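>>> here is the input, now give the coordinates:
(2 chains)
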Amino acid sequence: QSALTQPASVSGSPGQSITISCTGTSSDVGAFNLVSWYQQHPGRAPKLIVFEDNKRPSGVSFRFSGSKSGNTASLTISGLQAEDEADYHCCSYGGSSTFRFGGGTKLTVL
Amino acid sequence: QVQLVESGGGLVQPGRSLRLSCTASGFTFSSSEMYWFRQAPGKGLEWVSVISHDGDRKFYADSVKGRFSISRDNSKNTLFLQLNTLKTDDAAVYYCAAPPPGERFYFANWGPGTRVTVSS
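Below you'll find the model as predicted:
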């Protein structure tokens, strides 16, 4: 049950767009349309922001979008705002009722 | 409004046991798969275990298989995680989570977490 690979950190200025990658394998990310993304502010529980690769839950800003190509999923945040500064975690179903997470990416809004 | 609240965390010595609970409200608990996740200090999230709505099917991460046991009491809307033979690597904030009603594979509802510290 290997972890997915995310960059440790990304940064951007207010109003810019950033993209966070999440690389897995043909047994997880590439096998299912079941990547989800979570935003986590310090000391808080994770919050779902993207599910099933590219769907947004009700109430989540349109500035958050998910995509996938092969074994790599991506989260793009457009029009960066100060409140977007947080940790972002990707998760993929790995088959046989298992799930794999990336190591998390810390987003800094400059 | 869905609410999940974990309890039972604390300081425990290596090799000892602990039982975590997660009390649910605001949704039909008995119809929902339930999950445990954990997050070690400064680390990413890790899936720990899942239990089917009726408790018949249980799955575990390799890192906890044989040491942790998930269970549920649908009459009390409560999920449990028994942590045995604890190691220092098990120190983390433990979260329970549920998918949206009728869904699987993603987690819209999380508790605030309960912290487990493993130290002599």
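>>> around chain A, pick out the residues from chain B.
With CB under 8 Å from any CB of the partner chain as the criterion, chain B comes near chain A at residues B:43-47, B:50, B:57, B:59, B:61-63, B:95, B:105-108, B:110-113. C-beta: built from backbone N, CA, C; applies to glycine.
>>> just the residues you listed: which are in strands?
Counting by DSSP state E, the residues of chain B next to chain A place B:45-47, B:50, B:59, B:95, B:110 in strands.
>>> quick one: residues contacting residue 102.
All of this refers to chain A. A:3-6, A:22, A:89-91, B:44 (CB atoms under 8 Å, 6 or more residues apart in numbering or on different chains).
>>> now do the helix or strand containing A:S36: distance to the chain's middle.
Element membership of A:S36 [criterion: DSSP states H and E] is strand A:35-40. Centroid separation between strand A:35-40 and its chain, computed with CA atoms, centre = their mean, to the nearest Å, is 5 Å.
>>> show me what the top strand by length along chain A is packed up against.
Longest strand of chain A, by residue count under DSSP E: strand A:86-93. Contacts defined by 3 or more CB pairs under 8 Å, 6 or more residues apart in numbering or on different chains; DSSP states H and E place strand A:86-93 against strand A:18-23, strand A:35-40, strand A:72-77, strand A:99-101, strand A:105-109, strand B:45-51.
>>> out of those, nearest to B:S69?
strand B:45-51 (8.3 Å; CB to CB).
>>> packing partners of that closest one?
Under the contact criterion of 3+ CB pairs under 8 Å, 6+ apart, strand B:45-51 touches strand A:86-93, strand A:99-101, strand B:34-39, strand B:58-60, strand B:68-73, strand B:78-83.
>>> redo those strands as JSON lines? Include distance to B:S17, mean neighbour count and mean pLDDT.
Converted to JSON lines, the helices and strands packed on strand B:45-51 look like this (distance: least, CB to CB, whole Å; neighbours: other CB atoms under 10 Å in any protein chain shown; pLDDT from 0 to 100):
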{"stretch": "strand A:86-93", "distance to B:S17": "28", "mean neighbour count": "26", "mean pLDDT": "98"}
{"stretch": "strand A:99-101", "distance to B:S17": "25", "mean neighbour count": "24", "mean pLDDT": "97"}
{"stretch": "strand B:34-39", "distance to B:S17": "16", "mean neighbour count": "25", "mean pLDDT": "98"}
{"stretch": "strand B:58-60", "distance to B:S17": "16", "mean neighbour count": "17", "mean pLDDT": "97"}
{"stretch": "strand B:68-73", "distance to B:S17": "10", "mean neighbour count": "18", "mean pLDDT": "98"}
{"stretch": "strand B:78-83", "distance to B:S17": "6", "mean neighbour count": "22", "mean pLDDT": "98"}
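>>> kind regards, and thank you for your time.
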